[in-house]
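**Q** Quick check, what structure comes out for this input:
(one chain, ligands or ions: 1)
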Amino acid sequence: MRPFKTPGLDKTMCGIVGYVGHRPALGILLGGLRRLEYRGYDSSGVVLLNGKGLEVEKAPGKLSALEERLKSHPLSGRIGLGHTRWATHGGVTERNAHPHLSCDRKIAVVHNGIIENYAELRQGLRRHTFSSGTDTEVLAHLIEACYRKLGGHPLRAVTMALERVRGSFALGVVNADYPDLLVAARVNCPLVIGLGEGENFLASDIAALLPHTRRVVPLEEGETAKIDPSGVSIFGPGFARVKRRPLEIAWKADKALKGGYRHFMLKEIHEQAQTVAAEVQGRDGGLDDVRLPGNLQRVVVAACGTAWHAGLVAKTAIEELAKLPVEAGLASELRYGDTPFDRRTLTVALSQSGETADTLAALRLAREAGSPTLAITNVRGSTLAREADQVLFMRAGLEVGVAATKTYTSQVMNALFLALHLGRARGTLPRARFLELLKGFRRLPGQVERVLERTTEIEKVARKHARGYDFMYIGRRYNLATAYEGALKMKEISYLHAEGYGAGEMKHGPLALVDGRLACIAVAPRGRVTEKMVSNIQEIRARGGRVIAVATAGDRLVASVADRVLEIPACEEMFSPVLAVVPLQLLAYHAAVSLGRDVDRPRNLAKSVTVE
Ligand code: AGP
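**A** Numbering: from 1, shown residues only. Down below sits the predicted model:
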């Protein structure tokens, strides 16, 4: 196979699932797709191998459309593949949905990624009949051609085909001549194998495997695998056999169920008291197994979206406690910029999934320049976890909702712990203050619980403002991040116009937006900048804007200037992003529900952004 380092590569954000074993495969494949649907929901499809050969069913739209079709036409078989698609090449149509078949209908392929040289490969396959406009279909035909040339050898046919392919892919292949064999391969897109008893599984991520097994083997770059009911063989480049110990995953399968809540997002918001408690547990002594490098001169945090907001909290906290300059960079900018990385710069890559393309690219750039790297991620076995020098694992458990909620508060918690321990390691944080902050950490789970008790009040505010208002979220210092995050939550699930802004920047332009149709959410808990926030709130009110403040319980000053206050318990300013974001998550959630939005699967988005 080609070398796997292909900088600048684009990838699709699809989900793959595969099964081979003793049970009927269809239910297992559909269950897996349900858990992977957040990776893309433009179309879906399955292929099963049975006495009639390969049978395929696909449908454009959400998985429910495929399930509907399969009700009247169920497919049998004990081996098969499934796919859920986020379209890049080719429109959202049934014929472009995966799986794709070879001309003789004996080879089926599902693919997550992009085949960069598909046009050139297609030219060389002129005798083959193509039936879709996708890059993936070229793989089915190419593997077919190699299979014929080799006179058999399903695994070698795949590796031979992939030697000619440029791009990125995770793929699953079934071959009608081998009713007990799945072939898998990975270059630059995630793929994990799940180990069962007399059955084995394949999936884009662990979530799809949880109901069946917690023993997983992540495939690494450039590897292929032969998966049959009795075992799995992995091969590296050059067909060298690879031995890898399986990982035991602690996540529970029920995390992939709604547990009585209407949406995963609401369930995950409510889980935060437990996930914040999990982050606190056992963290007094150090940062798990992480050894912080000495002699640091600066820190660069690389992240995207919500994770970048947690990166902003990391910046403020590290600068306060460890007195180190921090650049919190958007990974998509860092990867094409000239930020100097060196041995004395600690690069912290923050990513829930550990698979975000831009964050991975920034990490690789930093590593190449000799910077020590630390990943903060939620997913064991993820690419980020494997490629970073050291890893701090978040303890949020599986998050299914596309909008990050509990993983945001977990990221913030880990960012704060990092700052705390950097402060201790550098001698800039006195022990007494360290112990005082630890006490504050321990109070957080109960305080999150208290914020969650105010759901009904927040729901009312959300219903009142969901129609007829634009939103402006403002904050300063630790809660500039909260303002950005609150606005992102609102726009991504309710599709309402919401902006996050530094409160001190309002006079530099955005104040012109203020009128009776603007709802301003001012994140103003007690801290160094509360009075500044109060002035900003007054300036907005004076111009006819409506202000809903997130403030510390009992803060009369903020209450006297805002139209409405959503209270959070008193805490150190540093901890306030953990508490202040919770009412904003609920606000966005209830606004979206009252507008009838698909909260867990917002339009145009996918949870793991493996496309740059
Ligand atoms: C936020 O709700 C989004 N899901 C998105 O901004 C996300 O945080 C971003 O894509 C980064 O994902 P990661 O943490 O998995 O890298």
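
**Q** Quick check on the nearest residue to Gly370 once chain neighbours are set aside: phi, psi?
**A** Take Gly370 and drop its neighbours on the chain: the residue closest to it by C-beta to C-beta, 6 or more residues apart in numbering is Arg343, 4.8 Å away. From N, CA and C alone the C-beta is placed, and that goes for glycine too. The phi and psi torsions at Arg343 (degrees, to the nearest 10) take the values phi -60, psi -20.

**Q** who's in contact with Arg343?
**A** 370-372 (C-beta atoms under 8 Å, 6 or more residues apart in numbering).

**Q** This protein against the ligand: which residues are in contact?
**A** Residues of the chain that fall close to the ligand, judged by C-beta under 6 Å from any ligand atom: 304-307, 351-353, 356, 359, 402-404, 492, 607, 609.

**Q** Which ones among those residues lie within helices?
**A** Members of these lying in helices (criterion: DSSP state H): 305-307, 359, 492.

**Q** which one of those residues has the most neighbours?
**A** In terms of neighbour count, Thr359 stands highest of these at 31 neighbours, by other C-beta atoms under 10 Å.

**Q** Out of the contacts of Arg343, who's the most crowded?
**A** Compared across these, Ser371 has the highest neighbour count, 24 neighbours, by other C-beta under 10 Å.

**Q** contacting residues for the closest residue to that one other than its chain neighbours?
**A** Nearest non-adjacent residue to Ser371, counting by C-beta to C-beta, 6+ apart: Phe341, 4.0 Å away. Applying C-beta under 8 Å, 6+ apart, one finds that Phe341 lies in contact with 300, 347, 365-366, 369-371.

**Q** so which of the residues you listed comes closest to the ligand?
**A** Taking C-beta to the nearest ligand atom as the measure, the ligand lies nearest Thr347 of these, at 14.7 Å.

**Q** For that closest one, which residues count as its bridge partners?
**A** With DSSP bridges as the criterion, Thr347 is bridged to Val300, Thr373.

**Q** what's the neighbour count on it?
**A** 27.

**Q** Equivalent analysis for Leu384, please.
**A** Counted with other C-beta under 10 Å, the neighbours of Leu384 add up to 23.

**Q** In a helix, it, correct?
**A** Yes - secondary structure of Leu384 (DSSP: H, G, I helix; E, B strand; the rest coil): part of a helix.

**Q** Quick check, it in contact with Asn378.
**A** No - with contact defined as C-beta atoms under 8 Å, Leu384 does not reach Asn378; the gap is 10.0 Å.

**Q** list residues touching both of these two?
**A** Joint contacts of Leu384 and Asn378 (C-beta under 8 Å, 6+ apart) are Gly354.

**Q** Do you know the pLDDT at Thr12?
**A** Looking at Thr12, its pLDDT reads 47.

**Q** for Asp135, same thing?
**A** On the pLDDT scale, Asp135 is placed at 84.

**Q** That one reaches Ile114, doesn't it?
**A** Yes - look at Asp135 against Ile114 with C-beta under 8 Å: they come within range, at 6.1 Å.

**Q** So which of the two has more stuff around it?
**A** Asp135 (25 against 21).

**Q** Wait, a helix at that one?
**A** No - Asp135 is assigned coil when assessed by three-state DSSP, not a helix.

**Q** To what extent is Tyr336 buried, counted in neighbours?
**A** Neighbours of Tyr336 under the rule other C-beta under 10 Å: 12.

**Q** And the one 4 residues further on, by the same measure?
**A** Applying other C-beta under 10 Å, we find 11 other residues in the vicinity of Pro340.

**Q** swap in Leu418?
**A** Neighbours of Leu418 (other C-beta under 10 Å): 26.

**Q** Repeat that for the one 3 residues further on.
**A** The tally of other residues near His421 (other C-beta under 10 Å) stands at 21.

**Q** Make a markdown table out of the contacts of Phe341 and add pLDDT.
**A** Listed next are the contacts of Phe341 as a markdown table, based on pLDDT from 0 to 100:
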| residue | pLDDT |
| --- | --- |
| Val300 | 98 |
| Thr347 | 98 |
| Leu365 | 97 |
| Ala366 | 97 |
| Ala369 | 96 |
| Gly370 | 96 |
| Ser371 | 97 |
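
**Q** Show me the residues you listed that map onto helices.
**A** 365-366.

**Q** quick one: which two of the contacts of Phe341 are the most distant?
**A** For the contacts of Phe341, the maximum inter-member distance is 12.9 Å, found between Val300 and Gly370 (C-beta to C-beta).

**Q** Roughly how far does the residue of the stretch 301-450 of the chain found nearest the ligand sit from Leu75?
**A** Of all residues in the stretch 301-450 of the chain, Gly305 sits closest to the ligand, at 2.0 Å by C-beta to the nearest ligand atom. Distance check for Gly305 against Leu75: by C-beta to C-beta, to the nearest Å, it reads 37 Å.

**Q** what does Ile16 give?
**A** Counting by C-beta to C-beta, the separation of Ile16 from Leu75 is 17 Å.

**Q** Now do the helices in the stretch 351-500 of the chain.
**A** Taking DSSP state H, counting those that start in this stretch to define them, one finds helices in the stretch 351-500 of the chain at 357-368, 383-387, 406-426, 431-452, 455-465, 480-494.

**Q** Could you give the residue of the stretch 501-612 of the chain that lies closest to the ligand?
**A** For the stretch 501-612 of the chain, C-beta to the nearest ligand atom, closest residue to the ligand: Val609, 4.3 Å.

**Q** That residue - nearest residue in space that isn't next to it in sequence?
**A** Nearest to Val609 is Thr356, by C-beta to C-beta, 6+ apart, at 5.4 Å.

**Q** Then Gly196?
**A** Setting aside the residues directly before and after it, Gly196 is nearest to Thr213 in space (C-beta to C-beta, 6+ apart), at 5.0 Å.

**Q** Pro237 too?
**A** Per C-beta to C-beta, 6+ apart, closest to Pro237 is Gly222, 4.7 Å.

**Q** do the same with Ala396
**A** Ser410 (3.9 Å).

**Q** Val558 now?
**A** Closest residue to Val558 apart from its sequence neighbours, by C-beta to C-beta, 6+ apart: Ala551 at 3.9 Å.

**Q** pretty sure that neighbour contacts Arg564?
**A** No - the pair Ala551 / Arg564 is not scored as a contact, 10.1 Å apart, by C-beta under 8 Å.

**Q** For those two, indicate the residue with more neighbours.
**A** Legend: neighbour count by other C-beta under 10 Å for Ala551 and Arg564, higher for Ala551 (27 against 16).

**Q** The more buried one: which element?
**A** Using DSSP states H and E, Ala551 sits within strand 546-552.

**Q** that older thread, how far away is the residue nearest to Val609 from Gln272?
**A** Relative to Gln272, Thr356 is positioned 22 Å away (C-beta to C-beta).

**Q** same thing with Ser44?
**A** 31 Å.

**Q** So these two - more neighbours on which side?
**A** Neighbour count, other C-beta under 10 Å: between Ser44 and Gln272, Ser44 has more, with 31 against 27.

**Q** in what helix or strand does that one lie?
**A** Per DSSP H and E: Ser44 is located in strand 43-50.

**Q** by contact count, what packs against that strand?
**A** Here strand 43-50 touches helix 25-36, strand 53-60, helix 63-72, strand 79-85, strand 107-115, going by 3 or more C-beta pairs under 8 Å, 6 or more residues apart in numbering; DSSP states H and E.

**Q** Pipe these into a markdown table and attach mean pLDDT per row.
**A** Below are the helices and strands packed on strand 43-50 laid out as a markdown table (pLDDT from 0 to 100):
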| stretch | mean pLDDT |
| --- | --- |
| helix 25-36 | 92 |
| strand 53-60 | 94 |
| helix 63-72 | 92 |
| strand 79-85 | 93 |
| strand 107-115 | 90 |
